[in-house]
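Student: No letters, just coordinates:
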């Protein structure tokens, strides 16, 4: 049974090359313990790493989103919608 792996990747996530190297190291560790069907990325910051790992081992990608992250995502979507609506209204006013 594979063990959970925790990564604090504030430094790693700043460069795509570092992220790729870390994902390859994790793939090596994961494949030593088995061949998983699914890689779970913890939203939001765990998704880039999980995506690279899943791609490398040919597994499906799943997303875990905590209640707090769901709330944050909904607020971000609402803000994006409001900005888009505001831009559309401004464009119509200019015409």
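Tutor: Happy to help now that I have it. Every value quoted in this text rests on a predicted model; they were computed, and no experiment measured them.

Student: This protein: strands as residue ranges?
Tutor: Ranges of strands in the chain, per DSSP state E, are 38-42, 60-64.

Student: and residue 42, what does it touch?
Tutor: Counting by C-beta atoms under 8 Å, 6 or more residues apart in numbering, residue 42 touches 50, 64, 66. All C-beta atoms are positioned from the backbone trio N, CA, C, and that covers glycine.

Student: Helix or strand with the lowest mean pLDDT in this structure?
Tutor: helix 67-94 (a mean of 61; mean pLDDT, DSSP states H and E).

Student: Can you pull up the most central residue in the protein?
Tutor: Most central in the chain under C-alpha atoms, centre = their mean is residue 47, positioned 1.7 Å from the mean C-alpha point.

Student: what stretches of the protein score poorly on pLDDT?
Tutor: 1-2, 7-9, 69-70, 73, 75, 77-95 (pLDDT under 70).

Student: picking up where we left off before, who's in contact with the residue nearest to the centre of the chain?
Tutor: Here residue 47 is in contact with 41, 63 (C-beta under 8 Å, 6+ apart).

Student: can you do 10 Å?
Tutor: Shown in contact with residue 47 (C-beta atoms under 10 Å, 6 or more residues apart in numbering): 40-41, 61, 63-65.

Student: Tell me the buried residues within these.
Tutor: Burial by neighbour count, 16 or more other C-beta atoms under 10 Å: within the contacts of residue 47 this picks out 40-41.

Student: quick check, nearest of the contacts of residue 47 to residue 23?
Tutor: residue 41 (11.3 Å; C-beta to C-beta).

Student: what's near enough to touch residue 11?
Tutor: Contacts of residue 11 (C-beta under 10 Å, 6+ apart): residue 18.
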